[in-house]
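*Asks:* pasting the sequence and the predicted model now:
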Amino acid sequence: MQFSLTTYPYSSGRRVVMGQRFAAATSQPLATLAGMEMYWAGGNAVDAAIAMAITLTVVEPTSNGIGSDAFALVWDGKLRGLNASGRSPQALNLEQFAGLAQMPGLGWLSVTVPGAVSAWFALWQRWGELPFEQLFEPAIRYAEQGFPVSPETSRAWQSAESTFLPLAAPEFQPFKQVFFKSDRAPRAGEIWGSLAHAATLREIAATGGDSFYRGRLAERMIAFGSETGGRLAPADLAQHQADWVEPISVDYRDLKVWEIPPNGQGIAALMALNLLEGFELQHQPRESAQSFHWQIEAMKLAFADVYQHVSDADWMQVATRHLLSKSYSDRRRQQIGSQAIQATSDLPHGDTVYLATADQDLMVSFIQSNYEGFGSGILIPETGIALQNRGMGFSLQPDHPNCAAPQKRPFHTIIPGFLTQGDQPLGPFGVMGGHMQPQGHVQMVVNLCDYQLNPQAALDAPRWQVAERAGGRQLFVEQSLPRSVVLELMERGHQVEVLAEGRSFGKGQMILRQGAALVAASEPRADGLALAG
């Protein structure tokens with residue numbers, strides 16, 4: 001793939017960062033520096049990625065934490081996939097949700113086994129070069145000494161006040177004491193830290209994560225759950241493992257686009273790209289209603305299928321290969337005309353952190369998340385372990401393949417992406433942000449492949465977002481999209497809403513190889529930073 005390193009048609013003011021030996025990008029500068037610290041200490045791209053992921057649990061707690069889930073794609077000459085999402089408790093059953101119209105977002109009923117810790121150790125065990133404990137040093141330092149809260153993290157933290165401060169039940173009080181000291185969120189630039197986080201990270205480091213699933217930390221999770229209505233049992237934690245999986249892909253033009261297979265929603269991006277392959281987007285201006293219309297309609301059809309069929313792979317009734325077949329895409333493409341169609345689905349939302357690293361031998365695409373911001377609101381006292389609310393991804397429809405059930409992985413929004421060309425790696429990319437993620441992946445691939453934008457320009461470009469609101473299909477667009485395009489999309493039947501600054505259209509990172517150079521870029525909509533050496 002060739003793209004111009006000197007052309008920047010959008011006004012973010014950012015430029016790509018280039019190096020030959022190493023590159024890293026995250027949504028928080030201190031986390032990117034943690035990766036560089038590992039590289040300078042003699043570590044590789046995997047060491048750096050793990051250190052960055054661990055650091056993000058401290059410096060960006062509004063999107064992830066020690067109690068997160070995670071997925072990864074790693075290139076080591078071949079692309080490897082890791083699914084470290086957790087399963088529901090053995091004690092979970094559908095009757096526990098009687099009277100509810102949808103899965104709860106707060107409390108123990110939303111909690112599944114947290115898998116991020118298992119991802120860190122599994123990745124290190126296979127590729128790590130530095131001591132496991134060394135990867136925790138930056139995160140522990142920031143947790144013990146504190147760090148200045150970055151602007152976008154502060155914005156998310158303050159918006160969470162209305163959700164968490166009114167909670168009066170006993171299970172939520174430890175969470176509020178840690179994250180909302182003095183009954184408010186920290187403001188940008190204020191120093192925040194947590195000695196409980198530091199102590200827990202030290203214990204995870206010293207035990208290779210064993211304490212988290214089978215030792216003292218596991219016992220504390222179970223004990224607090226027993227006191228406050230939790231359903232996790234010792235066996236739920238002890239039996240958890242991160243699973244190596246075969247990545248899935250489709251060919252789009254001369255690229256191959258890779259995702260993690262279900263239970264993740266990466267298949268939605270691949271299905272949409274299959275549909276788009278039948279249109280000549282490159283013959284339409286990028287900022288044109290026709291180009292946007294084709295992309296939006298393809299995404300709507302992909303979502304409709306994904307939310308009907310995708311679940312824990314062991315429970316799916318339609319095979320992944322059928323959903324990704326070119327013949328199926330050819331049939332579905334016939335539904336795309338000149339006007340907007342209705343293809344409704346129940347679109348989940350949430351917050352996530354994504355990071356990318358690369359060196360001369362390894363490339364890592366990694367994502368971890370608590371889901372809806374801080375997650376469930378459950379924090380294990382004196383540990384800093386804030387548990388995710390990934391159970392929200394389940395359906396409550398008894399006949400749905402994604403229906404809540406014991407020992408089952410829920411539908412997951414978080415998806416790392418990767419690009420190859422021929423048999424060569426181009427590199428990792430990702431766009432975090434709930435159901436925006438596959439939409440962001442599609443837009444990044446189109447920007448790179450059809451419009452030859454460089455990684456930073458691809459991230460800078462105005463975005464759209466298919467969204468569900470008030471029973472009808474809504475289309476959100478950024479303010480920077482030309483008004484003429486907005487008006488034509490409305491004429492085509494799209495219910496367009498132009499969103500003000502600060503509303504999320506995803507936050508991405510990207511590292512691509514061009515010749516001997518590693519070209520890194522970081523999202524202008526976040527506080528992030530890309531570095532290379």
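*Replies:* Okay, I see it.
*Asks:* which SSE is immediately downstream of the helix or strand where Thr163 lies?
*Replies:* For Thr163, the enclosing helix or strand under DSSP states H and E is helix 161-164. For helix 161-164, the following helix or strand on the C-terminal side (DSSP H and E) is helix 173-179.
*Asks:* kindly format the C-alpha coordinates of that following helix as PDB.
*Replies:* Output in PDB follows, covering the C-alpha atoms of helix 173-179 (Å, rounded to 0.1, in the frame of the first residue of the first chain):
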ATOM      1  CA  GLN A 173     -19.900   2.300  47.800                       C
ATOM      2  CA  PRO A 174     -16.300   1.100  47.400                       C
ATOM      3  CA  PHE A 175     -16.400   2.200  43.700                       C
ATOM      4  CA  LYS A 176     -17.500   5.700  44.600                       C
ATOM      5  CA  GLN A 177     -14.900   6.000  47.300                       C
ATOM      6  CA  VAL A 178     -12.100   5.300  44.900                       C
ATOM      7  CA  PHE A 179     -13.300   7.100  41.700                       C
END
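*Asks:* hmm, back to that, what helices or strands is the helix holding Thr163 leaning on?
*Replies:* Here helix 161-164 touches helix 173-179, going by 3 or more Cβ pairs under 8 Å, 6 or more residues apart in numbering; DSSP states H and E. The way it works is simple: take the backbone N, C-alpha and C, and place the C-beta from them, glycine included.
*Asks:* picking up where we left off before, pull out the buried residues from the helix holding Thr163.
*Replies:* With burial defined by 16 or more other Cβ atoms under 10 Å, the residues of helix 161-164 counted as buried are Phe164.
*Asks:* how distant is it from the center of its chain?
*Replies:* 22 Å (Cα atoms, centre = their mean, to the nearest Å).
*Asks:* which other residues reach that helix?
*Replies:* Applying Cβ atoms under 8 Å, 6 or more residues apart in numbering, the contact partners of helix 161-164 are Leu106, Phe172, Phe175, Lys176, Phe179, Phe180, Arg184, Ala185, Gly373, Phe374, Gly377.
*Asks:* quick one: which of those residues is nearest Arg321?
*Replies:* Gly373 (35.2 Å; Cβ to Cβ).
*Asks:* just checking, that closest one touches Ala156?
*Replies:* Yes: the pair Gly373 / Ala156 is scored as a contact, 6.4 Å apart, by Cβ atoms under 8 Å.
*Asks:* of those two, give the one with the bigger neighbour count.
*Replies:* Higher neighbour count among Gly373 and Ala156: Gly373, with 23 against 18, using other Cβ atoms under 10 Å.
*Asks:* how much space between that one and Gly105?
*Replies:* 10 Å (Cβ to Cβ, to the nearest Å).
*Asks:* over to Lys408?
*Replies:* Counting by Cβ to Cβ, the gap from Lys408 to Gly105 is 18 Å.
*Asks:* same check on Pro285?
*Replies:* From Pro285 over to Gly105 (counting by Cβ to Cβ), the distance is 40 Å.
*Asks:* these two: which is more packed in?
*Replies:* For Pro285 versus Gly105, neighbours defined as other Cβ under 10 Å are more numerous around Gly105 (18 against 12).
*Asks:* name the SS class of that one, please.
*Replies:* When classified by DSSP: H, G, I helix; E, B strand; the rest coil, Gly105 comes out as coil.
*Asks:* just to revisit the earlier point, only whichever of the contacts of helix 161-164 are buried, select them in PyMOL.
*Replies:* Remark: buried members of the contacts of helix 161-164, expressed as a PyMOL selection using 16+ other Cβ under 10 Å:
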select buried, resi 106+172+175+176+179+180+185+373+374+377
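*Asks:* flag the least confident of the contacts of helix 161-164.
*Replies:* Lowest pLDDT of the contacts of helix 161-164: Gly373, 87.
*Asks:* ok so, going back, can I get the contacts of helix 161-164 in TSV with distance to Arg126?
*Replies:* Below are these laid out as TSV (distance: Cβ to Cβ, whole Å):
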residue	distance to Arg126
Leu106	36
Phe172	37
Phe175	34
Lys176	38
Phe179	33
Phe180	38
Arg184	43
Ala185	38
Gly373	31
Phe374	30
Gly377	34
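*Asks:* pull the most distant pair out of the contacts of helix 161-164.
*Replies:* Between all members of those, the farthest pair (by Cβ to Cβ) comes out as Leu106 and Arg184, at 19.3 Å.
*Asks:* I'd like the next helix or strand past the worst-scoring helix or strand of the chain on mean pLDDT.
*Replies:* Within the chain, no helix or strand scores below strand 464-469, which has a mean of 79 by mean pLDDT, DSSP states H and E. Per DSSP H and E, the first helix or strand lying C-terminal to strand 464-469 is strand 472-478.
*Asks:* how much space between Tyr371 and Glu219?
*Replies:* Counting by Cβ to Cβ, the gap from Tyr371 to Glu219 is 25 Å.
*Asks:* show me the shaky parts of the protein.
*Replies:* 344-351, 468-473, 501-503 (pLDDT under 70).
*Asks:* measure the residue nearest the centre of it to Val466 for me?
*Replies:* Nearest to the mean C-alpha position of the chain, by Cα atoms, centre = their mean, lies Ile414 at 3.6 Å. Distance from Ile414 to Val466, counting by Cβ to Cβ: 18 Å.
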